[in-house]
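Asks: Following is a predicted model, sequence given first.
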Number of protein chains: 2
Amino acid sequence: MSSQPLRSQTVKVKDVARAAGVAVGTVSRVLNGHPTVTPGLRERVEKAMAHLGYEVDVTAQSMRAGRSRLVACAIRDFDIPRFALFIKEAEAVLREAGYTLLLASTTNRPDVEIALLGAFRRRRVDGVMMTLSDEQHRDVREALSEAPMPVLLIDRDSIAALDRVMADHREGARLATSHLIGLGHRRIAMLVGDIKAFPSRSRLDGFREAYSAAGIAPDPKLLRDNVLSSEDAYRATASLMSLANPPTALFVAAMDMLGGCLRALRTMGIAVGDGISVVAGSDSDLAELHTPPITAIAWDLAAMGRHAATMLLERMRGDEIERGRGLTVPTELIIRGSSRPLVN
Amino acid sequence: MSSQPLRSQTVKVKDVARAAGVAVGTVSRVLNGHPTVTPGLRERVEKAMAHLGYEVDVTAQSMRAGRSRLVACAIRDFDIPRFALFIKEAEAVLREAGYTLLLASTTNRPDVEIALLGAFRRRRVDGVMMTLSDEQHRDVREALSEAPMPVLLIDRDSIAALDRVMADHREGARLATSHLIGLGHRRIAMLVGDIKAFPSRSRLDGFREAYSAAGIAPDPKLLRDNVLSSEDAYRATASLMSLANPPTALFVAAMDMLGGCLRALRTMGIAVGDGISVVAGSDSDLAELHTPPITAIAWDLAAMGRHAATMLLERMRGDEIERGRGLTVPTELIIRGSSRPLVN
DNA sequence: TAGAGTCAATGAACCGGTTCATTAATAGCT
DNA sequence: AGCTATTAATGAACCGGTTCATTGACTCTA
């Protein structure tokens, strides 16, 4: 105890071994909690490590082991409030299990998705969770099938060989649409995102299912897809409300697009509830606290994040599990004041 | 071109070298774009790499180089909508420069912050950007000063030796408070987060500055600190409005706490604007689209993210720059309908 | 007491790149 | 032609851990 702990920068297992009077193999075994180490020796090694301020070099461990204890998460845009919750919960579960989360944005482009998968395998990432811009894209599917590490899809379903965590958007959309039809609405406009991806596709399915269950048909002119930004939602709403025969209800099914829609209605002087009924495809403070409060579809993104991380951990552990498990989180409709009976 | 590209899994520089009829050193130099390679050889090596499906092992590169091309971002809670924007922009700048972002949540706890710094250095992370729960915490400061990689503080200012990117919360709060005082308000309640951290501390400074500039003193009973969750905001608002002599204006200065506050006001049947003036410390869809719209302080978090990444890149590049640069992003007050003249 | 069996400890080899001292080839100059 | 200067290419050594065949000490049994 005479000297200061040395600069940990340059302390290696070899130095610890020398200080403790053991072989490097023994230090390594102490480091990894291997059981075949005599308690006395273990203590001596641990003392030496503490005294020298030893810190293991994870890059060296990774290179030797061929794995990195890194899990990558690539989503189309993490500037989506609800997605942050997903990531937060997934990160907590992964860190608890000794993994570190690596984050990247795909900007919803197939070429970026492919490039990122390449970057992840070069980094010897142990697992990936990601969204896909287009589930049918050939090159992306090829890149996925060639990936040496397990990949879990976030809110995507069309690759049966992979694990998937989804929300039941179809049921949510069906509930929302039935609710509006039940209130007498027949001309319901729908704003969705990219139909090539699962969430918008299944929302559209649910929408149509509700219509056919009621024995009526939706007006295709009232459908707006590819609504991916606030500005898109603003424009779509404005154009819909400018139609000669405008909709009586607006189902803003794309995630986080309510703001743009409400902005347009306000600009045009259309009152939510009275002038038009509105249902949001995802819940938010805005939906809850708007006047009137907005009826919305809700699901547990925190649970989705936890499930995603847990499933991926099981897969990385190499547990004997069937290939391609799909887990669907339920959706519910929270009825508020923005959806009202149709008055002639 | 007779055979299929081989499994890249096991192709190493050695294999590429053999196939191209060159030494491993040459392959390495081609890989890294080193200039001293004859064009003909370079092409042969590149052909061999493509044919064999060669992929570098980044963990091996990291171990040899002692750096990882990884930048860590640790913030208290990334389930804060505006923060997602910061991360998104920072990630884009970093990826452009060849770095990958590593994400972790500190849950605003010093022990987690210290543990994460340890994990980052063991991973040979090249740079860190992070928030701090308590800028004066001794152990955290020690861990920071011992960090071998550059660290940039996000919205923190008290460690002059480190690079920092901040928002001008003091000025924002001063503007907001002056605005309310100008409208005749004297009993302004303030909800802030943790005073140990820069944002809340400087907001409080700005608040007091506005009061003293007006030659009056705030009522200390109307200050609520440690408002860190929606529930905290709800309770703080409810308790303030239940006072015998309640405030006439509410300055919800903590980030993203407007929802909890509005929920409490709605529950108590107090009308925003008429019953009480409200100013939000951060802008949002909710603030903009509420009825009435909420006066709010805004700043450019995307720019903060870009600046943070850029400054960190400069530091990692080892540019000759002064130690501890601080960059402050301006704040502005967006006046909307929720802040009204005091009527007696 | 000799021999077999058990098990902790050892340390060289290995993971897959990069680096750099050395070698070889070429160009330039007188 | 002969010598030097310049530059490309080589490949062994190295980065810092982990692994595993081997060693050696000790226990147990006959």
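Replies: Looks like it arrived, so ask away.
Asks: Sort out which residues of stretch A:254-269 are buried, please.
Replies: For stretch A:254-269, burial by neighbour count (16 or more other Cβ atoms under 10 Å in any protein chain shown) applies to A:254-265. Placement of C-beta: from N, CA and C, glycine included.
Asks: now for those, which pair is the farthest apart?
Replies: A:255 and A:265 (18.8 Å; Cβ to Cβ).
Asks: elements contacting the helix or strand encompassing residue A:179?
Replies: For residue A:179, the enclosing helix or strand under DSSP states H and E is helix A:169-182. With contacts taken as 3 or more Cβ pairs under 8 Å, 6 or more residues apart in numbering or on different chains; DSSP states H and E, helix A:169-182 sits against strand A:188-191, helix A:198-213, strand A:249-252, strand A:277-280, strand A:295-299, strand A:331-334.
Asks: Kindly recompute the last result at 6 Å.
Replies: Judged by 3 or more Cβ pairs under 6 Å, 6 or more residues apart in numbering or on different chains; DSSP states H and E, the packing partners of helix A:169-182 are helix A:198-213, strand A:331-334.
Asks: Just tell me which of those ends up closest to DNA strand C.
Replies: Judged by Cβ to the nearest atom of the strand, the one of the helices and strands packed on helix A:169-182 that comes nearest to DNA strand C is helix A:198-213, at 35.7 Å.
Asks: Tell me the first helix or strand C-terminal of the closest one.
Replies: Using DSSP H and E, the helix or strand that follows helix A:198-213 in sequence is strand A:223-224.
Asks: what's next to that next one, contact-wise?
Replies: Strand A:223-224 has contacts (Cβ atoms under 6 Å, 6 or more residues apart in numbering or on different chains) with A:190-191, A:236.
Asks: Specify which member of the residues you listed is nearest to residue B:76.
Replies: Nearest to residue B:76 among the contacts of strand A:223-224 is residue A:191, at 34.1 Å by Cβ to Cβ.
Asks: Span of stretch A:129-147 from start to end?
Replies: Stretch A:129-147 has its terminal residues 12 Å apart, counting by Cα to Cα, to the nearest Å.
Asks: Give me the nearest residue to residue A:233, chain neighbours excluded.
Replies: residue A:260 (3.0 Å; Cβ to Cβ, 6 or more residues apart in numbering or on different chains).
Asks: what distance separates the strand or helix carrying the one you found from the centre of its chain?
Replies: Using DSSP H and E, residue A:260 maps to helix A:258-268. The chain centroid and the centroid of helix A:258-268 are separated by 27 Å under Cα atoms, centre = their mean, to the nearest Å.
Asks: what's the angle between that helix and strand A:295-299?
Replies: 170 degrees (axes from the mean of the first three to the mean of the last three Cα atoms, to 10 degrees).
Asks: Show me what helix A:258-268 is packed up against.
Replies: Helix A:258-268 packs on helix A:230-241, going by 3+ Cβ pairs under 6 Å, 6+ apart.
Asks: quick one: contacts of the helix it packs on?
Replies: A:189, A:191, A:224, A:227, A:247, A:257, A:259-261, A:263-264, A:268.
Asks: same question, stretch A:35-47
Replies: Contacts for stretch A:35-47 (Cβ under 6 Å, 6+ apart): A:20, A:27, A:29-30.
Asks: restrict those to contacts with DNA strand D.
Replies: Contacts with DNA strand D within the contacts of stretch A:35-47, counted by Cβ under 7 Å from any atom of the strand: A:27, A:29.
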